[in-house]
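Generate coordinates for the sequence data below:
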Amino acid sequence: MSTNQVSATTISATLNGWENDWNEGALFSFNGGYGTTSGGLFNFTNNTTSSDFLAFCIEINEPIGIGDTVDYTIYPATDPLPLGTGSEVADYIGRLYTNAYSNVTDEATAAAFQFALWEIMHEDYNTNGFDLSTGDFQMVQIIPSGILTAENYLNSLGSWSNDVIVDVYRNDGHQDLLQVYPEPPPINVNEPFSLSLLGFGLMGLALKLKRKQ
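Residues are numbered from 1 along each chain as shown. Just a heads-up that it's a prediction; the model follows:
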């Protein structure tokens, strides 16, 4: 994620797999029908720029496989369907990215973020509200904590702010993706291991000097 894309720009992207293998399987219901899927964070290579990027998808009923190369056309999410998501949905997506993306640190949190995105995209929220257990779109995850985390995100959308611009990577026949600008906070916010070792080394040196004194 670098600079904002211009509407109708087209790129070629290849799905490398799940970022850090962060995904979890789930059972979902959409308009009364049931299916199984995996929710998580994708790692792609942008073949147009020879750079990798991370993305969540916004469709649950379109396929994509590891190694697939797809031509995506990029539209502002504020554009109405079928190109974007519409301004209201784009605002909710932006609120989720602004406030919850930095919490994506493992399989459960990546899946929770993806589930919340699917709820925003597929629910008639003006009628049913955002609730993964009722309405047009429902999900049942094997590990309940992921559902609870997603529900907490959805319940906070009304009070959260949106500080990002959202683009849709669109391709009929493959899962559409989201990109956000400016780039959200880093996923891995933990102190690097090398810095931790440096900290322990300095601590040991200080104790040694203190003993000599």
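
got a list of what T14 touches?
Going by CB atoms under 8 Å, 6 or more residues apart in numbering, T14 touches F44, T45, N47, G67, D68, T69, V70. Backbone N, C-alpha and C define where each C-beta goes, glycine included.

ditto for P76
S7, G84, A90, I165, V166, D167, V168.

what comes up buried for stretch 153-162?
Residues Y153, L154, L157, W160, N162 are the ones in stretch 153-162 that count as buried (16 or more other CB atoms under 10 Å).

my bad, should have said stretch 41-48
Using 16+ other CB under 10 Å as the test for burial, stretch 41-48 gives L41, F42, N43, F44, T45, N46.

again, but for stretch 138-152
Q138, M139, Q141, G146, I147, T149, A150, E151.

on that earlier part again, take the contacts of T14 and lay them out in JSON lines including distance to F53 and pLDDT.
Shown next, in JSON lines, are these (distance: CB to CB, whole Å; pLDDT from 0 to 100):
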{"residue": "F44", "distance to F53": "5", "pLDDT": "97"}
{"residue": "T45", "distance to F53": "8", "pLDDT": "97"}
{"residue": "N47", "distance to F53": "11", "pLDDT": "97"}
{"residue": "G67", "distance to F53": "16", "pLDDT": "98"}
{"residue": "D68", "distance to F53": "15", "pLDDT": "98"}
{"residue": "T69", "distance to F53": "14", "pLDDT": "98"}
{"residue": "V70", "distance to F53": "13", "pLDDT": "98"}
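
about what we covered before: quick check: the two most widely separated of the buried residues of stretch 153-162?
L154 and N162 (14.8 Å; CB to CB).

As JSON lines, the buried residues of stretch 138-152 with pLDDT would be great.
Formatted as JSON lines, the buried residues of stretch 138-152 follow (pLDDT from 0 to 100):
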{"residue": "Q138", "pLDDT": "94"}
{"residue": "M139", "pLDDT": "88"}
{"residue": "Q141", "pLDDT": "72"}
{"residue": "G146", "pLDDT": "84"}
{"residue": "I147", "pLDDT": "87"}
{"residue": "T149", "pLDDT": "93"}
{"residue": "A150", "pLDDT": "95"}
{"residue": "E151", "pLDDT": "95"}
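
Sketch out the low-pLDDT regions of this protein for me.
Where the chain drops to pLDDT under 70, the residues are 1-7, 142, 184-213.

before we move on, the earlier item: kindly write the PyMOL command that selects the buried subset of the contacts of P76.
To isolate the buried members of these in PyMOL, using 16+ other CB under 10 Å:
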select buried, resi 84+90+165+166+167+168
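
residues in contact with stretch 151-161?
Outside stretch 151-161, the residues within contact range by CB under 8 Å, 6+ apart are 92, 95-96, 98-100, 112-113, 116, 119-120, 130-132.

among those, which are in helices?
Counting by DSSP state H, these place Y92, R95, L96, T98, N99, A100, A112, F113, A116, E119, I120 in helices.

ok, and what's touching the helix or strand hosting F44?
Assigned by DSSP states H and E, F44 belongs to strand 33-46. Defining contact as CB under 8 Å, 6+ apart, one finds that strand 33-46 is touched by 11-20, 22-28, 51-57, 60-61, 104, 107, 110-111, 113-115, 118, 141, 177, 187.

so what strands line up beside that strand?
Applying DSSP bridges, strand 33-46 is found paired with strand 9-30 (antiparallel), strand 51-55 (antiparallel).
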